[in-house]
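return atomic coordinates for the entry below.
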Amino acid sequence: MPVEWQVVGQSVRGATHERNGLPNQDAIYWLPASGRGASAVVAVADGHGSARYSRSHIGAALAVERSVQLMDEFLNSQAEGDNLSLIKHAAEEWLPRALVRNWSSAIDDHLRTDPLSPEEQYGGESSIAYGTTLLIAAVTERFICYLQLGDGDILTVNDRGEVSRPLAKDERLLGNETTSLCATDAWRDFRINFQPLTQSHPALVLLSTDGYPNSFRDEPGFFKVGSDLLQMIEEHGLARVAADLAGWLRDATHAGSGDDVTLGIISSLAK
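Okay, here's the model as predicted:
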């Protein structure tokens with residue numbers, strides 16, 4: 001059965017950043033801008049935030065906007081393609097390099113108009129100041145493509161409320177350690193899952209920066225968010241969830257991690 005996707009999301013400044021007068025280092029962006037269509041792309045990013053990464057909030061904002069635009073162009077270019085194996089190969093081999101190259105170009109443009117001050121120069125490449133993670137989900141009627149660089153979480157929820165991760169864990173991400181778009185050969189650190197939709201599709205896809213899962217006592221508590229959201233959407237509708245989302249995320253950062261918290265929700269509706 002054809003699928004129509006709906007997207008909502010929010011990003012809130014962390015309680016710690018509020019107390020210290022620091023900006024939200026997270027960002028979220030999606031297309032189509034209406035949040036509704038036969039295909040959709042959502043990205044979230046989490047700038048690293050320390051003094052060495054003084055422009056990471058800008059890096060995160062550029063990462064989500066440029067990556068979603070690139071992914072949307074990729075989906076459009078594959079709209080008439082029937083061979084999912086070829087699309088999968090392009091996603092795995094071309095997209096990581098293209099995403100990093102596209103972000104780096106945006107950083108270069110920003111630096112030309114606003115060079116680093118002496119206080120912002122910590123040695124190494126200037127792009128380090130913009131360091132950020134990046135998580136992307138591109139959903140269509142025929143396939144879903146998940147990409148993740150760095151910490152944070154992508155979860156899927158089926159129509160029975162069962163929650164799982166579509167990507168394998170990166171065992172290098174311990175404590176505050178994370179891979180980054182500003183790293184050398186960052187494209188190698190992307191985790192990718194290209195999933196043909198041959199029989200069923202997720203009821204929900206959730207993308208979150210690490211401030212959200214870190215606000216829960218354990219992983220089962222965080223996973224329960226997925227099944228709870230599905231139940232609320234089924235009972236009250238996605239618009240109601242979207243209206244309440246900022247308040248829920250604000251409660252999470254104040255009661256939990258204190259970090260910036262961002263959540264994107266992709267919901268599927270049968271036409």
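
what's the end-to-end length of stretch 68-84?
21 Å (C-alpha to C-alpha, to the nearest Å).

for stretch 38-52, that is, sorry about that
The separation between the terminal residues of stretch 38-52, taken as C-alpha to C-alpha, is 41 Å.

any low-confidence regions in the chain?
1, 123, 269-271 (pLDDT under 70).

my read: H254 touches R13, true?
No: contact status for H254 versus R13: not in contact, 10.8 Å apart, counting by C-beta atoms under 8 Å. No exception for glycine: its C-beta is placed from N, CA and C like everyone else's.

more crowded one of those two?
The residue with more neighbours, out of H254 and R13, is R13; 19 against 16, by other C-beta atoms under 10 Å.

need the contact list for the more buried one.
Listed by C-beta atoms under 8 Å, 6 or more residues apart in numbering, the contact set of R13 reads P23, N24, T253, D260.

go again using 7 Å as the cut-off
Going by C-beta atoms under 7 Å, 6 or more residues apart in numbering, R13 touches N24, D260.

now do the phi/psi pair for it.
Backbone torsions for R13, taken as degrees, to the nearest 10, come to phi -70, psi 140.

show me where the protein has helices.
For the chain, applying DSSP state H gives helices covering 15-20, 56-77, 84-93, 95-113, 219-236, 238-255.

tell me the most buried of the ones you listed?
Ranked by mean neighbour count, the helices of the chain are led by helix 56-77 with a mean of 22 (mean count of other C-beta atoms under 10 Å).

which outside residues touch it?
Contacts of helix 56-77 with the rest of the structure, by C-beta under 7 Å, 6+ apart, involve 23-31, 39, 41, 43-49, 95, 98-99, 102-103, 106-107, 110, 130-132, 134, 136, 138, 140, 181.

what do you get for stretch 261-270?
Outside stretch 261-270, the residues within contact range by C-beta under 7 Å, 6+ apart are 1, 3-12, 14, 26, 28, 30, 40, 42, 44, 137, 139, 201-209, 211-212, 215, 229, 233, 238, 245, 249, 252-253.

residue furthest from the geometric center of the chain?
Distance from the C-alpha centroid of the chain, by C-alpha atoms, centre = their mean, peaks at P118 (31.7 Å).

let me see the contact set for it.
Counting by C-beta under 7 Å, 6+ apart, P118 touches no other residue.

what is the end-to-end distance of stretch 29-41?
Using C-alpha to C-alpha, first and last residues of stretch 29-41 are 8 Å apart.
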